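Colleague: sequence first, predicted model second:
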Amino acid sequence: MLYLLMAVPLLFAAVIATRPPEHARWIALVGSFVALGVTLFAMLQFSYAFGGSTQLEAHTPWIPALGVTLDVGVDSVSLLLIALTALLGPICVLASWTAITWQQRTYYAWLLILQTAMVGVFAARDLIFFYVCFEFTLIPMYVLISLFGSTNRKKAATKFFLYTFTGSIVALAGLIYVAWWHARGAGEWTFAIATLGETARQMPLSVQMPVMIAMLLGFAVKVPLFPVHTWLPLAHTEAPTAGSVILAGVLLKLGTYGIYRFVLPFVPEAVAVAAPTIAVLSIIGIVYAGLICWVQTDVKKLVAYSSVSHLGFCVIGLFALNHVGISGSVMYMINHGLSTGALFLLIGMAYERYHTRSMKELGGLAAKMPVWATFMVFFAMASVALPGLNGFVSEFMCMMGVFQADDAWAAAAGSAAQVPGSTPGPLGPWFALAAGTGVIIGAMYVLYMVGKVCFGPLVEPAGHDQHAHGDGHEGDHHLPADLTPREIWTLLPLAAGCLVLGLYPSPVLDTIEPSVSNIVSLYDDRVELPAMMPTGDTDAPADRPAEVMP
Amino acid sequence: MLMHSAVQNAAEAVVGGAVSAADAARAFALPEVTEGPWWVALIPFLPLLGAALCGLCAAFKVKSKLPAWITVALLATSFAITVAMFQQLSGGASISHAFRWIEFRWGPEADQIFTANFSFYADNLSILWMLFVTGLATLIALYASEYMSHEVGTGYCRFFAAFCLFVFSMSCLVLGDNLILLFLGWEGVGLCSYLLIGYYYKKPSAVAAAKKAFIMNRIGDLGLLMGIFLTFVHFGTVEYRELFALAEPYVLALQQGRIGDIPAIVNLIPVLLAIGAFGKSAQFPLYVWLPDAMEGPTPVSALIHAATMVTAGVYLIARTYPLFLASDIALPLVAWVGAITALLAATIGMAQFDIKRIMAYSTVSQLGFMFCGLAVLTTAGGVFHVLTHAFFKATLFLACGAVMHGFAGQLDLRKLSGVMFMPGWLIVGLAMLVGCLNLAGFPFTAGYFSKDLILAEAFITPTMAPIGWILLFTAGLTAYYTFRVFFRVFVGPKEFHPGDDAHGEAETDVEEHSEQVEQGNPQAEAVGEKAHDVGDEAHGADEAEDHEHGHGHFHPHPPGWAINTVLATLALASILAAGLYFIGDKGWVDGMLQSSTAQQVYLTQEGTRASGYALVTAEPAAKGTFLGFDPHKAMYYVSAVVGLIGIGVAFVLHYLGRTEAATSRADKLLPAMGPIATWAQDKWRVDELYDMVIVKPLRVISHIFHVIDKLIVDGLVNLFGVLPRMIGSALRPVQSGQLQGYAVGMAVGLAFVLLVVVLMAVAGAGVAS
Amino acid sequence: MQDVLTLAQAGGTPPMAGVTLAHYLFVSAAMFALGLVGFLVRRNLIVMFLCTELMFQASGIALIAFARYHMEMSGQTFVIFVLTVAAAEAALALALVVLLFRRRDSLSTEAWQEMRG
């Protein structure tokens, strides 16, 4: 099933290569819809009651001598992220419909290949396979940016490639070290993620620490966490619209997914020690990137920096090391993909019409493009975590997780029963408050953008009026003033997603819960407060590790 | 009830031995919670449906008043359902579950489930609030159907969609059975306020005002959010039903003077919640957004920024009153903030010239009164004032709106005079008079009674007497600035200068004309006078037409049936609201609240002594007095006198001897005031202060960060990129491009390798031998 | 160097009296040196190419000499390969040289310095 899911886009990419360029976008559209269909089918096959265990597994040996396999399988979190990838597939194709007018075959083929690689990352249950897919996402992205980006694309593509590549090499070193440790102990090599996780957890803290640092370095670049975020604004600004959507929607999630899948379960002791440091970096990222957003003049760069800020919430939620924080973080991965992806789409649509992204040249577009402005305000509100839209659920949960997660709660109150809503953990209310300032800053920069671009007196770039408007002819540079039905249909699924996840997130929360429980259970026995002992928290892990990623 | 008592037991167990079974005296009566009827959920969801329908109207480009009628019909239904619920409610509380929202397991224990559902908590407090929210919303929607008529088209749909969305959010805020749903409504009304303030989105000032409102609110919201987190951490729940039961032991502890039993967290929670309330209800120091919010259409100002949304802070405090009672710092804080706000806003209001802005400052000031009311433990007074204020302030705003509508956006009280006696304006003028009398606290009006309750209780509460004096002084100022507007605009010599726009849609030709007027062109004024004489039969004409005719033919545009009906209804309601004071023992509101969690609570004497603040005790001996008299009785006379003095001063300064719109006797006093008047007119320069102290530095920091990001953070990375390149360029000359060069290199290298091999061989041979 | 020579002299019976392995190696070394010097000092592409051929053959001689000396065929096999490859390469190289000459009307290596860094 999962192989099929990976094969479909590849197959259609191959078809594109053999057909004339005019057909490319149609084939890509069909391909991405087929992939979406297969994903939906996979989601139906999935047993949500056992969402914490690996399902839909398939085994294929690859390099038997080293124990490397092509094993795949998904738990609920992987499944949801695959679903997000599959959903963004057709949207990306549709978003490029008129924007890409040259080398269409190259473009759409690489777009599909990218999808395969991304699904591979989420589905892989073998370390080497994971890593191969993880790195392989770089190549299509490099091509998309360097061939189809804007003016500074070469530099951006190179920087993106080298930066993230360097990071993941370090992460690979850390992961290989774990495999080596396992081989030394067990006498044979294996790269099965579940097995390695168990080995890694038995490593002493002094060994876990460098392994964690190595892994984090790699994944933090991808996330990107302050201070290794500088590739992102550049890459986002230069990438074509669909590239930005995928970059924001899925590629950044590879970093947080890596942390979720490797860092948290592999080296819990080291993570518990390092969590406050990471949290501080996240908070710096949230505030710092947020403030930088506020002084941008390039809309796309603003949204790119906002990604840095948002992903800070995502990471700090992960490092709260409790249910609420981690669930919130996983929700955040999905929600950010929807809302920020949509914002990039909207900016791309405006760019296609005006050929500028500068806020000095764009203003008051609500007068000319009311539908566009409506969507813009909607997704901007999703992005500032307005309750009722998806961003709120995740941001709220991340912050609440951080707020709860303080050993000091129970210590100060004398017993955990006095503060029944607290959990043990390394962070606490001050971290939540500091991260919370990001909520205000978020409102500041998003409203600054909306106020400039959507509202106020109409400003259009000089010489724009010559372009024909309203003739309904759908060719390059002859788009009507407001959105076409195609563009509206591109945005509607995302808008619906934002609304549904905002008003009725329970199914998703229930789905990710078992997977998150697996990870949190690793941290439960960390509690050392005597007051916590009789409450029964401590016997929970005893019956849990058995089901940790079987 | 079963579950309820279980929670109760748990709560008492939590406080440990502190609360022994013997003194199981209740701090307050917890209402009996029953399962409510499903149709309560319709109260919020009908407006949501309305929003969706209006959205569809926009999508299908409906060019009629259909959205307004949809809105009015659905809101009226909502109101009817609220009334039905009111009928059915008998003291207890009921919860109607709609659907799961945020519900997840957050710990390994079976009961560690975080629950925040779409469930609606209907008790006397929330239904009371919903009655006037849905009732006023219906009336104001009707008013807006006429007021916004020149916007028919997509703008009309947009307006009513946001309007419906607002009512939905407000209903969630009020009816939600947990703090998270309250927060949804809280931010939702913030969004709607943003959308509606920025309704005239082409006007940069409107956009800026909308942004300011949203961000200021967000600051408060962060406090609220932190308060919610703290509540959850401490109590393990955010649902009112469980929360109030869990809070009770602490209230009891405070009442009995066991301050030590109250953890710091419990003390802090209401403070954080209050910060949220300050943001939403425009209290000091977060009040600056509300006057700017007047950029929105007037119905919006009336509904959102006067009657309902801004009272959300009051509602929050009243709703979570048990939590506030459990803290010995929160209510005094609320009282002082309220009093400072009331005074500050009143002084600013006295010096403004824009009538809508004056009303905005008076709203801020009156909200301060309400906060004080809650803080001096007269929830009945606070909530009664919310209720009366909702009616008379809506009346005032809508009357101002009618003036603005009729005079092409003119709001300057120096440019309008004697409006009431112009043909067709009598109802507006009378409604305005009713509103002003209420606001000024004229004897036997509703505003008079509700204000008295607050003032009297402030004097009764021992440590709160200074609050009482501040409020009394403010009441005098209020009467003055209210009647300043009335005497200048509605009575006196007839004169008017039309405004410069049609509700924000600036049209250049009109602007030119109004400039002429501003320069004091006497001829144009004369024509204006004449125009209104001939133009009264043409008031049904399309407004755009008026502008085409230009100023020469401008005639004021008296309100039509919808506006007049609504104004008359509201004015009547404002008058009748006074009757509520005489229903029951201590008034209808008090009777309602006594069977909700926002009931008035009395401390025992130990409690008063131990907590240092507080509050009314049951024993008369501890009661404060007003200069030796019983405050409740004295206040009837004192506040009436204060109000009449205020009105009298306004009469003397702004009515007597005034011959034209622009000047009055008050102008002669200005030099004597020195800089104070200018400063008050400049709103004490608080905006400028914020700009200088917060916004500008933050902006500078942001720019610095941006530079740092480019140069240092990214620079370091680029440095790593540059390093290999530098090494490469250092080695570049070696690549001479000449074939022989490479050959020499190769030969030398080969020779070197050979040499090494040979030497090693020699050395090896040496070792071997 | 002395060591190498004694090493050579010490081993096995010389197949041809008087002419030892050393002689062959001397010839080979001399040819290689000639080729190398020629390659380094001349600028004419064809001459340089001839010099490389010279070096090839020098190594060939050394290989054959050692093969004979060790009574083993692998060295001679190698030489056959080298000759074949050299022949093919000669054809290719000369063709290239002709092409290069056509481009610049010169056989000097100095005409081609495109790879200067």
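Modeller: It's in.
Colleague: for residue 94, pull up the helix or strand it's in.
Modeller: If you meant another chain, say so; for now it's chain A. In the assignment (DSSP states H and E), residue A:94 maps to helix A:76-95.
Colleague: I was thinking of chain C, sorry if that wasn't clear
Modeller: helix C:74-104.
Colleague: pLDDT (mean, whole number) over that helix?
Modeller: Average pLDDT, helix C:74-104: 90.
Colleague: please identify the buried residues of it?
Modeller: Buried residues in helix C:74-104, counted by 16 or more other Cβ atoms under 10 Å in any protein chain shown: C:75, C:78, C:79, C:82, C:86, C:93, C:97. Yep, even glycine has a C-beta here, placed from its N, CA and C like the rest.
Colleague: from the chain's centroid, how far away is the helix holding residue A:94?
Modeller: Helix A:76-95 sits 11 Å away from the centroid of its parent chain (Cα atoms, centre = their mean, to the nearest Å).
Colleague: also stretch B:333-344?
Modeller: On Cα atoms, centre = their mean, the centre of stretch B:333-344 falls 16 Å from that of its chain.
Colleague: can you name the residue of chain A nearest chain C?
Modeller: residue A:158 (20.4 Å; Cβ to the nearest Cβ).
Colleague: A helix includes that residue, no?
Modeller: Yes: secondary structure of residue A:158 (DSSP: H, G, I helix; E, B strand; the rest coil): part of a helix.
Colleague: quick one: contacts for the nearest residue to it once chain neighbours are set aside?
Modeller: In space, and not counting its chain neighbours, residue A:158 is closest to residue A:146: 7.6 Å by Cβ to Cβ, 6 or more residues apart in numbering or on different chains. Applying Cβ atoms under 8 Å, 6 or more residues apart in numbering or on different chains, we find residue A:146 in contact with A:153, A:154, A:156, A:157, A:158.
Colleague: scan those and report the most crowded one.
Modeller: Neighbour tally across the contacts of residue A:146 (other Cβ atoms under 10 Å in any protein chain shown): the maximum, 25 neighbours, falls on residue A:157.
Colleague: isn't that residue right up against residue A:240?
Modeller: No: using Cβ atoms under 8 Å, residue A:157 makes no contact with residue A:240, being 11.3 Å away.
Colleague: overlap in contacts of the two?
Modeller: Common neighbours of residue A:157 and residue A:240 (Cβ under 8 Å, 6+ apart) are A:145, A:149.
Colleague: show me what stretch C:78-97 is in contact with.
Modeller: Against stretch C:78-97 from outside (Cβ under 8 Å, 6+ apart): C:45, C:46, C:49, C:53, C:56, C:59, C:60, C:63, C:64, C:67, C:107.
Colleague: coming back round to it: roughly how far does the residue of chain A closest to chain C sit from residue A:238?
Modeller: Note on residue A:158: its distance to residue A:238, by Cβ to Cβ, to the nearest Å, is 11 Å.
Colleague: got it, and residue C:86?
Modeller: 52 Å.
Colleague: any residue of the helix holding residue A:94 up close to chain B?
Modeller: No: for helix A:76-95, no contact with chain B is found by Cβ under 8 Å from any Cβ of the partner chain; the gap never falls below 13.2 Å.
Colleague: and that helix, what does it pack against?
Modeller: helix A:2-18, helix A:21-45, helix A:104-123, helix A:241-246, helix A:252-258, helix A:323-354, helix A:485-503, helix A:506-524 (3 or more Cβ pairs under 8 Å, 6 or more residues apart in numbering or on different chains; DSSP states H and E).
Colleague: which of the residues in that helix are buried?
Modeller: Quick answer for helix A:76-95 (16+ other Cβ under 10 Å): A:76-95.
Colleague: of the buried residues of helix C:74-104, which is the nearest to residue A:8?
Modeller: residue C:93 (51.0 Å; Cβ to Cβ).
Colleague: before we move on, back to that, can I get the contacts of stretch C:78-97 in TSV with distance to chain A, pLDDT and secondary structure?
Modeller: TSV is the format used below for the contacts of stretch C:78-97 (distance: Cβ to the nearest Cβ, whole Å; pLDDT from 0 to 100; DSSP: H, G, I helix; E, B strand; the rest coil):
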residue	distance to chain A	pLDDT	secondary structure
C:45	37	88	helix
C:46	42	89	helix
C:49	40	89	helix
C:53	44	90	helix
C:56	41	89	helix
C:59	39	91	helix
C:60	41	92	helix
C:63	38	92	helix
C:64	42	91	helix
C:67	39	90	helix
C:107	40	85	coil
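Colleague: farthest-separated two in the residues you listed?
Modeller: It's C:67 and C:107 that sit farthest apart of the contacts of stretch C:78-97, by Cβ to Cβ, at 36.7 Å.
Colleague: can you count the residues close to residue 250?
Modeller: Because you didn't say which chain, this covers chain A. That count, for residue A:250 with other Cβ under 10 Å as the rule, works out to 28.
Colleague: I was thinking of chain B, sorry if that wasn't clear
Modeller: 28.
Colleague: now for the closest residue to it other than its chain neighbours: which residues touch it?
Modeller: Distances taken as Cβ to Cβ, 6+ apart place residue B:326 nearest to residue B:250, at 3.7 Å, with adjacent residues excluded. With contact taken as Cβ under 8 Å, 6+ apart, residue B:326 is in contact with B:247, B:250, B:251, B:253, B:254, B:262, B:266, B:267, B:270.
Colleague: most widely separated two among those residues?
Modeller: B:253 and B:270 (14.7 Å).
Colleague: who's more crowded, those two?
Modeller: residue B:270 (29 against 22).
Colleague: low-confidence regions, the stretch 501-650 of chain B specifically.
Modeller: Within the stretch 501-650 of chain B, the ranges that satisfy pLDDT under 70 run B:501-554, B:585, B:599-624.
Colleague: now do the helices in the stretch 151-300 of chain B.
Modeller: B:154-175, B:179-197, B:204-235, B:240-255, B:264-280, B:289-292, B:298-302 (DSSP state H, counting those that start in this stretch).
Colleague: show me what counts as buried in the third one.
Modeller: The reference is to helix B:204-235. B:206-235.
Colleague: ditto for stretch B:568-582
Modeller: B:568, B:569, B:570, B:571, B:573, B:574, B:575, B:577, B:578, B:580, B:581.
Colleague: can you list contacts of that stretch?
Modeller: With contacts defined as Cβ under 8 Å, 6+ apart, stretch B:568-582 is touched by B:136, B:139, B:384, B:387-388, B:391-392, B:394-395, B:398, B:427, B:430-431, B:434-435, B:438, B:444-450, B:587-589.
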